[in-house]
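>>> I would like the atomic coordinates for the input below:
(one chain, ligands or ions: 1)
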Amino acid sequence: MSGNNEQLLARENEFLSSAVRIKYFDIVIQKAQGALLTDADGREYIDLLASASATNVGHCHPHVVEAIQEQAAELIQYTPAYFASGPEVESSQRLAQLAPISGPVKVAWGNSGSEVNDAIIKFARGYTGRQYIVSYTGAYHGSTYGSMSLSSVSLNMSRSMAPMLPGVVKLPFPDLHDRLPGESESEFVERMVAAFKLPFETYLPAEEVAAIVIEPIQGDGGIVKAPQAYMEFIWKFAREHGIVLAIDEVNQGMGRTGKWWSIQNFGLEPDLMTVGKSIASGLPLSALVGRAEIMDSLGSPAHAFTTAGNPVTAAAANATLDVIEQEHLLERSAKLGPKVQAYFEKKREQYDFIGDIRFYGLDGAVDIIDSKTGKGDEAATTKLIYRMFELGVIIISLRGYILRFQPPLVITDEQLQQAFDAFDQALSELAAGKLSLPED
Ligand code: PMP
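The predicted structure is shown next:
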């Protein structure tokens, strides 16, 4: 059923739970192609969000659409809990071979990032026979009980739902934003390593810890990269104590950072990794990928879902992997990131409310700050993103004051330029005090 924005939004308010959506702009998306969205009134927008990094190869890529259509005509669903399908076998092999893990690798499916992050807990506990899981502040791992229990980015995601899963210990994520005045990076890492060691020295026996779960570059936490020295320390610690190293690549994988997987920016090898979002260009598919020894430790049917890994989603995954390879999207991501970083650095010379700028491929963040205090300025950020929306560019914020810059990797040079033109205007209007907060 179709309609215009206003009619559809009225019905949305009546029939859809307020729990499902983070409300930004009052539009309904009707169609999309590449990095271009069209709303229900026919208005177009450049998408700097890529459906929360779920459409890295672009919306409705023709190769992906064709693969979905062909597969849907042949076999939409037979449950992977009982029978394999050709596309499923192919995508498991491709993912296993792409994983930055040496030795035999196997794959298990989910329908969402959240489910495969739950699976980390299951497989790590089953494999090690240990109960504790270490995760991090600022992390977002999903919306099911297990993955929510690993997360701590949003109070509203756990309010009134306690108790969370037992056995999860949260450690402070080494976010360089949290440096003390005058503290160098190495001093900061030393302090974070001490904070990591403290629980192990006081109440948490390392031999009872099953896994450390980490986003090497936190996504919803603000596009924050852990320092290399910290990562190397926890890798060494985990290896020494037989702890499974599990990384969440749901947001940062699939070429987002200019490499297949964000962990490749660190040169470290995980035991388990989770993939989702862009793997099937936004169709509901996710995967836990890991060392075969761990992946075979639970036996059947410890991780069976009726639809996870079904033929249509698997065909979409294979086509998505084709596009990344054939269109050299890792290279494109790696090339465009520095270009956007340079654009904002130039703007920072003009505007002192632009703070830290960090891009790892087309995985970018720009902090909007109060120039007097240096702290994040949520009001200014809100004004900016709503003005960008009026100018036809969809961009949202993280933590209230961080611009999240994650467009489809196929965004064209012209579209990027249009986005810069809109920023030129919105930033100058913000500086001139011409922007106001949206009503209600
Ligand atoms: N992990 C990370 C790092 C994510 O960013 C997200 C989604 N924002 C998830 C897991 C959860 O994925 P899903 O919404 O598909 O359950």
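
>>> kindly report the residues of the stretch 301-440 of the chain close to the ligand.
Proximity of the stretch 301-440 of the chain to the ligand, by Cβ under 6 Å from any ligand atom, involves no residues. Backbone N, C-alpha and C define where each C-beta goes, glycine included.

>>> tell me where the stretch 301-440 of the chain has strands.
Per DSSP state E, counting those that start in this stretch, the stretch 301-440 of the chain carries strands over the ranges 354-359, 364-368, 393-394, 396-398, 402-405.

>>> buried residues, whatever helix or strand Asn13 lives in. List them.
Secondary-structure assignment from DSSP states H and E places Asn13 in helix 5-15. Under the neighbour-count criterion of 16 or more other Cβ atoms under 10 Å, helix 5-15 has 5, 8 buried.

>>> distance of the residue in the stretch 1-150 of the chain that the ligand sits nearest to from Tyr401?
Residue of the stretch 1-150 of the chain nearest the ligand, by Cβ to the nearest ligand atom: Gly113 (2.4 Å). Using Cβ to Cβ, to the nearest Å, Gly113 is found at 25 Å from Tyr401.

>>> could you do Ile27 as well?
Taking Cβ to Cβ, one finds Ile27 at 23 Å from Tyr401.

>>> alpha carbons of the helix or strand that the helix holding Asn13 is followed by, as CSV, please.
Using DSSP H and E, the helix or strand that directly follows helix 5-15 along the chain is strand 29-33. Output in CSV follows, covering the C-alpha atoms of strand 29-33 (Å, rounded to 0.1, in the frame of the first residue of the first chain):
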residue,chain,number,x,y,z
ILE,A,29,11.5,5.9,2.3
GLN,A,30,9.8,4.7,-0.9
LYS,A,31,12.7,3.6,-3.1
ALA,A,32,16.5,3.8,-3.4
GLN,A,33,19.3,3.3,-5.9
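
>>> flag the shaky bits of this protein, pLDDT-wise.
For the chain, applying pLDDT under 70 flags the ranges 1-2, 440.

>>> could you look up the SS state of the residue most central in space within the chain?
Centroid-nearest residue in the chain, with Cα atoms, centre = their mean: Asn251, separated by 1.8 Å. The local conformation at Asn251, judged by DSSP: H, G, I helix; E, B strand; the rest coil, is coil.

>>> contacts only, for it.
52-53, 113, 140, 215, 219-220, 277 (Cβ atoms under 8 Å, 6 or more residues apart in numbering).

>>> widest-spaced pair of these?
Ala52 and Glu215 (14.1 Å; Cβ to Cβ).

>>> dump the contacts of Asn251 into a markdown table; add secondary structure and neighbour count as well.
Formatted as a markdown table, these follow (DSSP: H, G, I helix; E, B strand; the rest coil; neighbours: other Cβ atoms under 10 Å):
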| residue | secondary structure | neighbour count |
| --- | --- | --- |
| Ala52 | helix | 18 |
| Ser53 | helix | 25 |
| Gly113 | helix | 27 |
| Tyr140 | coil | 25 |
| Glu215 | coil | 27 |
| Gly219 | coil | 26 |
| Asp220 | coil | 18 |
| Lys277 | helix | 26 |
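
>>> with distance to Ala206 added, can I get the residues you listed in CSV?
What follows is the contacts of Asn251, written out as CSV (distance: Cβ to Cβ, whole Å):
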residue, distance to Ala206
Ala52, 35
Ser53, 34
Gly113, 28
Tyr140, 26
Glu215, 22
Gly219, 28
Asp220, 29
Lys277, 32
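
>>> which among those residues gets closest to Ile369?
Of all these, Ile369 sits closest to Asp220, with 19.6 Å by Cβ to Cβ.

>>> what is the neighbour count of Ser186?
Look at Ser186: counted by other Cβ atoms under 10 Å, it has 10 neighbours.

>>> my error: substitute Leu48 in the last question.
27.

>>> how does the chain divide into domains?
Domain ranges of the chain: 5-57+328-431, 64-326, per automatic domain parsing.

>>> show me where the stretch 1-150 of the chain has its helices.
With DSSP state H, counting those that start in this stretch as the criterion, the stretch 1-150 of the chain has helices at 5-15, 50-53, 62-74, 86-98, 113-128, 145-150.

>>> quick one: the last one to chain centroid distance?
Read it as helix 145-150. 16 Å (Cα atoms, centre = their mean, to the nearest Å).

>>> tell me the contacts of the residue nearest to Val107 when sequence neighbours are not counted?
Excluding the flanking residues, the one nearest Val107 by Cβ to Cβ, 6 or more residues apart in numbering is Ser92, at 4.2 Å. By Cβ under 8 Å, 6+ apart, the contact set of Ser92 is 106-107, 287, 309.

>>> now the angle from the longest helix that the chain contains to strand 354-359?
Taking DSSP state H as the criterion, the chain has its longest helix at helix 329-350. Counting by axes from the mean of the first three to the mean of the last three Cα atoms, to 10 degrees, helix 329-350 lies at 170 degrees to strand 354-359.

>>> what's next to helix 329-350, contact-wise?
56-57, 255-260, 323-324, 354, 357-364, 366, 405, 409-411, 416, 420, 423, 427, 431.

>>> and that helix, how far out from the chain's middle?
20 Å.

>>> and it, which residues are buried?
Buried-residue list, helix 329-350, by 16+ other Cβ under 10 Å: 329-330, 332-334, 336-337, 340-341, 343-344, 347.

>>> then stretch 184-191?
Those buried within stretch 184-191 under the rule 16+ other Cβ under 10 Å are 188-189, 191.

>>> let me know the closest of those residues to Ala229.
Nearest member of these to Ala229, counting by Cβ to Cβ, is Val189, at 4.7 Å.
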